[in-house]
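Enquirer: Here is a sequence together with a model predicted from it:
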Amino acid sequence: MFRDRPQDCTVRYQGYRPQDQTRPYAQFMAEHTTPAPRHVLDAFEGPPLAEESIPPFAAMQTDLGRSGYSEIETGYGRRADGVLFVAVRAVMPRVTPAMWDWWFGWHSVEAARYKLWHPDAHLYASLKHDLTGADIADKQKYVGNTTYVDEYVGPKLQQLGIEFRDPIAHGFDVPPDQTLILGRVGSSIAPVDLGWLAHQVRPIDGGSEMRSRFYLNIRGLHVPNLEQAACAVRRGASVDPRDLVLSLSVAKDLLLHCGQEMNHLAGFLPELHAQFS
């Protein structure tokens, strides 16, 4: 049903190479990422959220299950227990929730596709199992799968393995006209989980909106993918134990990074989806 996609796992590079320009989707390659919307920049430039205002991780299913909005839709902060919180709302004209299910099953099989999302910060991507050619629903191509990525979040290079989970199995209510991408975020080198991410995409007039949530410093253990870890080391990776305790500056930088990449991709996702879905 699936096949592992062979690739040079030792190569990591910024921007696009000349051979990337031969890809059939080269028309969507931009030199730089579109700036984040003003409300994201305001949150980034402002102070962190007050500790007592940040909802606990256990409230995320309720937060993203509501029909309206939460008190915090865009912001970052750190709870008293050390858990980092990031929320970002992105408005995406002409985009549908189904386009995001397709994107998460399509983009991680090679770095050039991943760079479409954030050409300034994304460096490398691979997918544990390449299901892009399988005759299955788009969501089945990434749920239960793991993406391995190298990317800058602010000035810090992050090397991550994100295992996508079934949101319904984790207690989320996902109406038929919406999608919700849920991921367990971990190191691609050390067998350590770092947190969770969730992106709710729901229709609004003229398109969709994405409500993203990140809860970091919620650690656990996972069985490492030794091949991917070895590849990451050959790309110049090293594990500093301090990298496994994420700072408030990481949350601030992640807010801006998320606001940039979602806004950037949404600008051409309808055309990309129409050509390659």
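Expert: Cool, the structure landed.

Enquirer: Kindly tell me how buried the nearest residue to L255 once chain neighbours are set aside is, as a neighbour count.
Expert: Using CB to CB, 6 or more residues apart in numbering and skipping the chain neighbours, the partner closest in space to L255 is Y76 (4.5 Å). For glycine as for every other residue, the C-beta is placed from the backbone atoms N, C-alpha and C. Neighbour count of Y76, defined by other CB atoms under 10 Å: 28.

Enquirer: Over to the one 4 residues further on?
Expert: Other residues lying near A80 total 8 when counted by other CB under 10 Å.

Enquirer: now do E110
Expert: For E110, using other CB under 10 Å, the count is 18.

Enquirer: re the thing from before, give the pairing partners of the helix or strand hosting the residue nearest to L255; include direction for each.
Expert: Assessed by DSSP states H and E, Y76 sits inside strand 75-78. As defined by DSSP bridges, the strand partners of strand 75-78 come to strand 84-93 (antiparallel).

Enquirer: Just the buried positions in whichever helix or strand comes after the partner strand, please.
Expert: Per DSSP H and E, the first helix or strand lying C-terminal to strand 84-93 is helix 97-106. Of the residues in helix 97-106, those with enough neighbours to count as buried (16 or more other CB atoms under 10 Å) are 97-106.

Enquirer: now for the longest strand anywhere in the chain, which elements pack on it?
Expert: Identified as the longest strand of the chain according to DSSP state E is strand 207-221. Counting contacts by 3 or more CB pairs under 8 Å, 6 or more residues apart in numbering; DSSP states H and E, strand 207-221 is packed against helix 60-63, strand 84-93, helix 97-106, strand 179-187, strand 192-204, helix 248-266.

Enquirer: List the strands paired with it, with their directions.
Expert: By DSSP bridges, strand 207-221 pairs with strand 84-93 (antiparallel), strand 192-204 (antiparallel).

Enquirer: angle of the last one against strand 179-187?
Expert: Which is strand 192-204. On the basis of axes from the mean of the first three to the mean of the last three CA atoms, to 10 degrees, strand 192-204 is oriented at 160 degrees to strand 179-187.

Enquirer: bridging residues for the nearest residue to E73 once chain neighbours are set aside?
Expert: Once flanking residues are discounted, E73 sits nearest to R89: 4.2 Å by CB to CB, 6+ apart. Taking DSSP bridges as the rule, R89 bridges to R211.

Enquirer: I'd say R89 and G75 touch.
Expert: No. Using CB atoms under 8 Å, R89 makes no contact with G75, being 9.9 Å away.

Enquirer: If you count surrounding residues, which of the two has more?
Expert: Ranked by neighbour count (other CB under 10 Å), R89 and G75 place G75 first, with 26 against 21.

Enquirer: how far away is the more buried one from I54?
Expert: Going from G75 to I54 by CB to CB, to the nearest Å gives 8 Å.

Enquirer: okay, and the common contacts of these two?
Expert: Both G75 and I54 are contacted by F85, under the criterion CB atoms under 8 Å, 6 or more residues apart in numbering.

Enquirer: For the residue nearest to E73, give me its contacts.
Expert: Counting by CB under 8 Å, 6+ apart, R89 has contacts 39, 69, 73-74, 209-212.

Enquirer: between these, which is closest to P47?
Expert: P47 lies nearest to T74 out of the contacts of R89, by CB to CB, at 13.5 Å.
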